[in-house]
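J.: how would this look folded up:
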Amino acid sequence: NRSERYVIETTARVESIVNNCRFTFLSDISAAKVSDNLKRRRDADMGIKTSNHYLSAMKIFCNWLVSERRITDSPIRHLKKLNAETDVRRIRRHLSQDDFSKLIEAAENGGKAVGLTGTERATLYLTAAYTGLRAAELGSLTEQSLDFKSDPPTITVEAAYSKHRRKDVLPLHPELASRLYEWIT
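T.: The predicted structure follows:
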């Protein structure tokens with residue numbers, strides 16, 4: 001019941017550890033090898049958060065092996081995630097209202113980029129800011145996702161694309177609703 005992206009990323013992470021540790025048989029899987037491999041990667045500039053994602057993927061795989069009765073116990077069950085707060089690679093911040101206005105203005109006045117006109121990019125940025133939708137959720141939207149007749153107007157993200165895997169119906173800010181209506185018509 002996971003998204004295709006999640007499955008692809010998790011599989012790639014497991015395959016990467018299996019290949020780097022040169023595991024050939026299930027009996028080759030060991031906590032020491034997995035731990036050493038992740039340590040080498042962190043020393044070569046992999047972040048702790050990313051390392052934790054790799055460890056989680058490998059644990060999921062080993063737990064699946066146990067549930068399928070291919071092994072009796074997970075050899076990496078006792079490995080723990082590291083504290084990612086000690087290695088923050090990117091400090092996220094909110095844009096000030098002034099900075100956000102400058103972003104929208106720059107997009108509006110900019111040329112075509114990533115297949116979108118400046119106006120389309122500005123509209124996309126405003127939609128993201130007003131709704132809080134993520135990139136994949138925004139990418140899933142169609143004209144049918146918008147309901148301008150409801151009070152207030154709404155935008156709908158279908159369950160297949162929602163982070164929560166449920167249909168999300170969000171009210172639209174009046175200014176955004178007006179801009180989206182003009183853009184679509």
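J.: rest of the way, CA atoms for contacts and neighbours
T.: Noted.
J.: Distance from the chain centre to the helix-or-strand element of the chain with minimal mean pLDDT, please.
T.: Every helix and strand in the chain was compared by mean pLDDT, DSSP states H and E; the lowest is helix 135-139, with a mean of 89. From the chain centre to the centre of helix 135-139 is a distance of 10 Å (CA atoms, centre = their mean, to the nearest Å).
J.: Please name every helix or strand in contact with the helix or strand following that helix.
T.: Under the assignment DSSP states H and E, the closest C-terminal helix or strand after helix 135-139 is strand 146-147. Secondary-structure packing of strand 146-147 (3 or more CA pairs under 8 Å, 6 or more residues apart in numbering; DSSP states H and E): strand 154-157.
J.: name the helices or strands packed onto the strand it packs on?
T.: Other elements packing on strand 154-157 under the criterion 3+ CA pairs under 8 Å, 6+ apart are strand 146-147, strand 168-171.
J.: Contacts for it next, please.
T.: In this structure, residues lying in contact with strand 154-157 by CA atoms under 8 Å, 6 or more residues apart in numbering are 137, 140-141, 145-148, 167-172.
J.: Secondary structure element holding Leu55?
T.: Taking DSSP H and E as the definition, Leu55 sits inside helix 48-67.
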